[in-house]
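**Student:** Sharing a model that was predicted from the sequence below.
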Amino acid sequence: MDVLVLNASYEPFQKVDLRHAIRMLVREVAVVEEAEEGRTIGRFPVPRVLRLVRYVAMRWRHGRRPPWSKRGVYLRERGTCGYCGGRGHTIDHVFPQSRGGADTWENTVLACGKCNNRKGNKTPGEAGMRLRVALRVPTWNELFDL
């Protein structure tokens, strides 16, 4: 279960797991804004939303592009295959890694198993496949997944 953490200004900051949320309450760096009714962990209610006690500047999000990650590709594509539009669950390198392709936003797409196997170690053009999505760097908000 993930817990949403708000900055002191009530803007979304991050998501943390329940253990981390309880540690934040113990250290008194956050307060509970919304909790599950009737459930507690020790003396703390089981939180759904926490708010930081002090404002934390989010400079790390501004001016820099998000680092590439498999989860980020999944969120950017919203769980759909970039080739057929079905449910995607693997990362495919448009220009294959074995031929020098890198783990970058501009070279990876989410693919279903069928399309990934069909494309294999080829480029989409060589495999007779067409990309249905634009390969781009996502925004921080897309990756925040609220």
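**Tutor:** Cool, got the structure.
**Student:** for the helix or strand containing L75, packing partners?
**Tutor:** Assessed by DSSP states H and E, L75 sits inside helix 70-77. Here helix 70-77 touches strand 108-111, helix 140-144, going by 3 or more Cβ pairs under 8 Å, 6 or more residues apart in numbering; DSSP states H and E. No exception for glycine: its C-beta is placed from N, CA and C like everyone else's.
**Student:** can you list the domains in this protein?
**Tutor:** For the chain, automatic domain parsing gives the domain ranges 2-57, 70-144.
**Student:** what about the longest one, how long is it end to end?
**Tutor:** The separation between the terminal residues of domain 70-144, taken as Cα to Cα, to the nearest Å, is 14 Å.
**Student:** neighbouring contacts of the helix or strand of the chain with the lowest mean pLDDT?
**Tutor:** Sorting the helices and strands of the chain by mean pLDDT, DSSP states H and E puts helix 140-144 at the bottom, at a mean of 75. Helix 140-144 has contacts (Cβ atoms under 8 Å, 6 or more residues apart in numbering) with 12, 14, 61, 66, 71-72, 75-76.
**Student:** Which of the residues you listed ranks first by neighbour count?
**Tutor:** Neighbour counts for those, by other Cβ atoms under 10 Å, peak at R76, which reaches 22 neighbours.
**Student:** Appreciated, that's everything.
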